[in-house]
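K.L.:
Mind looking at a prediction? Sequence and model below.
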Amino acid sequence: MKLISTSTRLLAVFGDPIEHSLSPAMHNAAIADLGLDYVYLAFHVRESQLAAALGGVRALGIAGVNLTIPLKQSALSLVDELAESAAGAGAVNTVVNESGRLIGHNTDSEGFVASLREDLGLTPSGLRVCILGAGGSARGVSVALARYGAASVVFAARNLERAEALTELISRLRPECAASAVSLTDRHGLRRVLESSDLLINSTPVGMTTNTDDPIEIEFERLPAGACVADLIYNPLKTVFLRQAEMRGYRTMNGVGMLAHQGALAFELWTGIKPNVQAMRQSLLDCLTRG
């Protein structure tokens, strides 16, 4: 058992709920692998408590924290400085304590791109992408894809107003990336989008173990041969969405790689040391397969 002393540095994750977070297992695996004098804990922090909790980070000298639902947007106005990654994504998932000054970062976007390379052998450059959903996850992923040279991004969502707002964001960020929106209820429009997509991404919570929403009906056979399908969900490891895509011969990836890579990027921001991403990924898989 690791000895915790007065010199042990503290890292943490804040969220509401937090009971099922896999971050402690993942980060403590990285800490153990490197033999560092750190420990990573989880704290239940409600949105109304976030300002006080971040004050505690300063007061207690906590090296850094992760933020999860529903705190990522609230933190934008509560940290002392926003890194470009957080400003672009419109969310903070990682806070670094630099001598009492809190810097907000977002590692989700880069984590997705790293997972895309590792799990599917894809780089964003030139990709034609269809993203299901128009929430925070869709924003973060689309910003990264646009920055890394995606040819086009189409947001397919039930809330067309939110989808159109994201198209405006991407158009401002990188005009060369053709951004557009389509309603999930527009079957003909969605078919046309799928027929010209290299990558289909589910950024919605539909399919999560705890989600009870109706499945999104997708005509996977409309995708070109060789297209890939990604789901940001990691629990379950294989959603109905991914199973349906695999049944039709498409290569797929779940959200485990993104979770591991975003965690590794956060870990490096806090410690200055690159962790073993595979050790982090394996800890996640161990937790998920144990149930």
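P.N.:
That came through, no problem. Remember, it's a predicted structure, so these values are computed and weren't measured experimentally.
K.L.:
For the rest of this, base every contact and every neighbour count on C-alpha atoms.
P.N.:
Noted.
K.L.:
Below-threshold pLDDT in the chain: ranges please.
P.N.:
For the chain, residues meeting the criterion pLDDT under 70 lie at 1, 211-214, 291.
K.L.:
Please parse it into its domains.
P.N.:
9-106+257-290, 109-254 (automatic domain parsing).
K.L.:
quick one: which of those is nearest Leu3?
P.N.:
domain 9-106+257-290 (8.7 Å; C-alpha to C-alpha).
K.L.:
Now do the longest helix seen in the chain: everything it contacts.
P.N.:
Secondary structure of the chain per DSSP state H: the longest helix is helix 256-271. Residues outside helix 256-271 that contact it (C-alpha atoms under 8 Å, 6 or more residues apart in numbering): 23, 26-27, 63-64, 66, 94, 96-97, 107-115, 119, 232-234, 237, 273-278, 280-281, 284-285.
K.L.:
from those residues, which would you call buried?
P.N.:
23, 26-27, 63-64, 66, 94, 96-97, 107-115, 119, 232-234, 237, 275-277, 280-281, 284-285 (16 or more other C-alpha atoms under 10 Å).
K.L.:
Quick check: helices, which of those residues are part of them?
P.N.:
Filtering these for helices - DSSP H - leaves 23, 26-27, 108-115, 119, 277, 280-281, 284-285.
K.L.:
For the residue most central in space within the chain, which residues are in contact?
P.N.:
The centroid of the chain falls nearest to Asp108 when counting by C-alpha atoms, centre = their mean (3.9 Å). For Asp108, the contacting residues are Asn93, Gly140, Val141, Met258, Leu259, Gln262, by C-alpha under 8 Å, 6+ apart.
K.L.:
Just the strands from the stretch 1-150 of the chain, written as ranges.
P.N.:
9-15, 38-44, 64-67, 81-82, 94-98, 101-105, 128-132 (DSSP state E, counting those that start in this stretch).
K.L.:
can I get the ones you listed in a markdown table with distance to Ile216?
P.N.:
A markdown table is the format used below for the strands of the stretch 1-150 of the chain (distance: least, C-alpha to C-alpha, whole Å):
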| stretch | distance to Ile216 |
| --- | --- |
| strand 9-15 | 27 |
| strand 38-44 | 31 |
| strand 64-67 | 28 |
| strand 81-82 | 35 |
| strand 94-98 | 31 |
| strand 101-105 | 31 |
| strand 128-132 | 9 |
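K.L.:
and of the ones you listed, who's closest to Val153?
P.N.:
strand 128-132 (4.8 Å).
K.L.:
how far away is the residue nearest to the centre of the chain from Leu200?
P.N.:
Using C-alpha to C-alpha, to the nearest Å, we find Asp108 at a distance of 18 Å from Leu200.
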